[in-house]
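Student: Quick one: sequence plus predicted model below, questions after.
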Amino acid sequence: MSQQFSLAIHGGAGTITRNLLTPAKEAAYLSGLSHAISAGKSILSAGGSALDAVETAVIALENNPLFNAGKGAVFNHQGGHEMDASIMDGSNLMAGAVTCVQSLKNPVQAARWVMERSEHVLLSGAGAEKFAMEHGAVAESNDYFYDQFRFEQWQEAVASNSIQLDHSEKKFGTVGAVAMDSAGNLAAATSTGGMTNKKWGRIGDTPVIGSGTYANNHTCAISCTGHGEFFLRAVVAYDISCLMEYKGLTLKQACDLVVMEKLVKMGGEGGLIAVDHQGHIELPFNSEGMYRGWANNSNEEVLIYK
Ligand code: ASP
């Protein structure tokens, strides 16, 4: 019998309803999610590490223009792209992150290198890019990140002088993955283009360890998506881990409390994916929908709506 493993991914949460997606778009999202699940699952079913699985699943989503990360990153106010990513290894509490990188094809890979090849946790902007390039990262020109839909989204946001969360219909398109491997190790990774038309070097929760991403073998692994300012203030990912560690809550109880009560009270829309040290998976969100998927040894599923 193959060893027990668990994997979950997300491609963002928000006002995602059946009437907003054409059947063709819905099929494309589901296929993008399935592709990422397969990529992560193939590593875990072969006995690979949770860390490799979450990085690989997130890279698959970063390379898909449908999601607001990597290739599909939204436009910032200047008409460029500023991407954030983070990764955490629950076996040793090591973590790495990059923020405001403009040309890296796969920011999550750079985050992993920060964790494994530097003495730091979070590198920003030009310095982060230089570090990643020195370690063999692939850089892409602005053309690679160009997408007509994202461009129109940005133009709309500029016209209304607003800062928007991914799609104009309030969708948070960040991507992420969490996993438990057959050795019982947990890992989490998250990657985003942030908010459309963002200014002033705005940074959300995604690259902030404890807010957008967290993993600890004794509790859980978490990757968030939603209105970053709220997720930062609520320190969402670490809060769930703490509720398990210090209060003895189950993963489900902790997720319900944080996503359905605490965040809702604050007005923070979004969701997260979570796996605990026994491989239980939770995919809570307080928005209309969340692009999401999960897999273990025997089952797998991809979902969009409530
Ligand atoms: N949390 C991300 C941010 O605020 C956005 C998202 O989840 O789509 O940057």
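Tutor: Structure received.

Student: and the end-to-end length of stretch 54-69?
Tutor: Terminal residues of stretch 54-69 lie 15 Å apart, using Cα to Cα, to the nearest Å.

Student: chain center to that stretch: distance?
Tutor: In terms of Cα atoms, centre = their mean, to the nearest Å, the centre of stretch 54-69 is found 9 Å from the chain centre.

Student: Stretch 182-199 now?
Tutor: Worked out by Cα atoms, centre = their mean, stretch 182-199 lies 3 Å from the chain centre.

Student: Can you confirm whether it lies near the ligand?
Tutor: Yes: residues of stretch 182-199 are located near the ligand by Cβ under 6 Å from any ligand atom, namely 192, 194, 195. Every C-beta, even on glycine, is put in place using the N, C-alpha and C of the backbone.

Student: any idea of the mean pLDDT in that stretch?
Tutor: Taken as a whole, stretch 182-199 has a mean pLDDT of 94.

Student: what's the closest non-adjacent residue to residue 86?
Tutor: residue 97 (3.7 Å; Cβ to Cβ, 6 or more residues apart in numbering).

Student: same deal with residue 291?
Tutor: In this structure, residue 291 finds its nearest non-sequential neighbour in residue 11, 3.4 Å apart by Cβ to Cβ, 6+ apart.

Student: Okay, and the one you found sits in which element?
Tutor: In this structure, residue 11 sits in strand 6-14 according to DSSP states H and E.

Student: And the helices in the stretch 101-250 of the chain, which stretches?
Tutor: Listed in chain order, the helices of the stretch 101-250 of the chain (DSSP state H, counting those that start in this stretch) span 107-117, 125-134, 142-145, 148-159, 228-233, 236-247.

Student: which stretch among these comes nearest the ligand?
Tutor: Of all these, the one in closest proximity to the ligand, counting by Cβ to the nearest ligand atom, is helix 228-233 (2.2 Å).

Student: Contact partners for residue 306?
Tutor: For residue 306, the contact set (Cβ atoms under 8 Å, 6 or more residues apart in numbering) comprises 288, 289.

Student: cool, residue 84 as well?
Tutor: 97-101, 107, 191-192, 194, 203-204, 206-207.

Student: hmm, back to that, for residue 284, see how far away the residue nearest to residue 86 is.
Tutor: Remark: distance between residue 97 and residue 284 (Cβ to Cβ, to the nearest Å) = 23 Å.
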